[in-house]
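Engineer: Sequence plus predicted model, see below.
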There are 2 protein chains.
Amino acid sequence: MVHAGVGEVEDNFEDRGVHEGRHSREDTVFMSLALQEARQAALEDEVPIGAVLVLNGKVLARAHNRVEAQKDPTAHAEMLVIREAAAQQLGRWYLRDATLYVTLEPCAMCAGAVLVSRVLHTQLIQTCRSDEA
Amino acid sequence: MVHAGVGEVEDNFEDRGVHEGRHSREDTVFMSLALQEARQAALEDEVPIGAVLVLNGKVLARAHNRVEAQKDPTAHAEMLVIREAAAQQLGRWYLRDATLYVTLEPCAMCAGAVLVSRVLHTQLIQTCRSDEA
């Protein structure tokens, strides 16, 4: 599987998602924020993945991969938004009813974190071309 | 599966492991530290799980579950020792050649963290009676 660049992903997202009515306007906004985070990660020479955590239509946390900067193998975008949303924003460990927007299919660690944090939905942006999926 | 209490686990460990020669003396020391951490977690009304991360015969980090205290769903014992060892002790994200001692089979998130951090070995203390495994 060859990952498309962020710009191409954004094009795919626009072409395949919103224009075909598969995403809500709200989804579009939050996915765009996640893509902004992914772009920022690329600028910082991190693995270009971004994530946004949303509850009741509001952004609780947004982050990008920071493994290199933090010297922390667990500092994936999804982990950072889950931790910030719980510990810093909500002051509780469970994120029931929250939605995670992320620019790549979560790894086993992050998928596990979604489970233990009780995140309700995960929205994934298409990050590979359909003929390569 | 019914989990045994920490004391019972320690008895099992002594009876089945060291006395039968399945663990090294070094393993015994580090597993005992992990059990101490698990006991501390119980005292703090956290899920009683402890972990120790070792590199070249030295403890890099020891921790117990702190989900409730930190209001962080990712604050499992394994995650805490991996993060501390990498970011605080070694100043690098990969823990190649390190060994993780843990008092319960890691969940999906923690097993994923072991993979992404390149931890070499995971030593698990038997935490259920053999007739219930």
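Structural biologist: Great, that's in hand.

Engineer: helix or strand for residue A:30, which one?
Structural biologist: In this assignment (DSSP states H and E), residue A:30 forms part of helix A:25-43.

Engineer: just residue A:78 next, same as before
Structural biologist: Residue A:78 is part of helix A:77-83 when elements are defined by DSSP H and E.

Engineer: Can the helix or strand following that helix be said to contact chain B?
Structural biologist: Per DSSP H and E, helix A:77-83 leads on to strand A:99-102 as the next helix or strand towards the C-terminus. No. Strand A:99-102 does not reach chain B (CB under 8 Å from any CB of the partner chain); its nearest approach is 12.4 Å. All C-beta spots, glycine's among them, are computed from the backbone N, C-alpha and C.

Engineer: Can you show me the CA trace of the helix or strand that strand A:99-102 is followed by as PDB?
Structural biologist: Once the chain leaves strand A:99-102, the next helix or strand it forms, by DSSP H and E, is helix A:108-116. Taking C-alpha atoms only, helix A:108-116 is exported to PDB below (Å, rounded to 0.1, in the frame of the first residue of the first chain):
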ATOM      1  CA  ALA A 108      -2.700  -1.500  17.400                       C
ATOM      2  CA  MET A 109      -1.700   0.800  20.300                       C
ATOM      3  CA  CYS A 110      -4.000   3.600  19.200                       C
ATOM      4  CA  ALA A 111      -6.900   1.300  18.400                       C
ATOM      5  CA  GLY A 112      -6.500  -0.100  21.900                       C
ATOM      6  CA  ALA A 113      -6.400   3.400  23.400                       C
ATOM      7  CA  VAL A 114      -9.700   4.100  21.500                       C
ATOM      8  CA  LEU A 115     -11.200   1.100  23.300                       C
ATOM      9  CA  VAL A 116     -10.000   1.800  26.800                       C
END
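
Engineer: residues of helix A:108-116 that come out buried?
Structural biologist: Neighbour-count burial for helix A:108-116, with 16 or more other CB atoms under 10 Å in any protein chain shown as criterion, is recorded at A:108, A:109, A:110, A:112, A:113, A:114, A:116.

Engineer: what residues does chain A put near chain B?
Structural biologist: Selection of chain A residues close to chain B by CB under 8 Å from any CB yields A:67-68, A:70-76, A:79, A:82-83, A:86-87, A:90-95, A:107-113, A:115-118.

Engineer: close enough to count as contact, residue A:95 and residue A:121?
Structural biologist: No. Counting by CB atoms under 8 Å, residue A:95 stays clear of residue A:121, with 10.7 Å between them.

Engineer: Specify which residue of those two has the higher count of neighbours.
Structural biologist: residue A:95 (26 against 11; other CB atoms under 10 Å in any protein chain shown).

Engineer: Can you tell me what sits against the helix holding residue A:78?
Structural biologist: Surrounding helix A:77-83, the residues in contact under the criterion CB atoms under 8 Å, 6 or more residues apart in numbering or on different chains are A:34, A:37-38, A:41, A:49-53, A:60-66, A:95, A:100, A:102-103, A:106, A:109-110, A:113-114, A:117, A:119, B:72-74.
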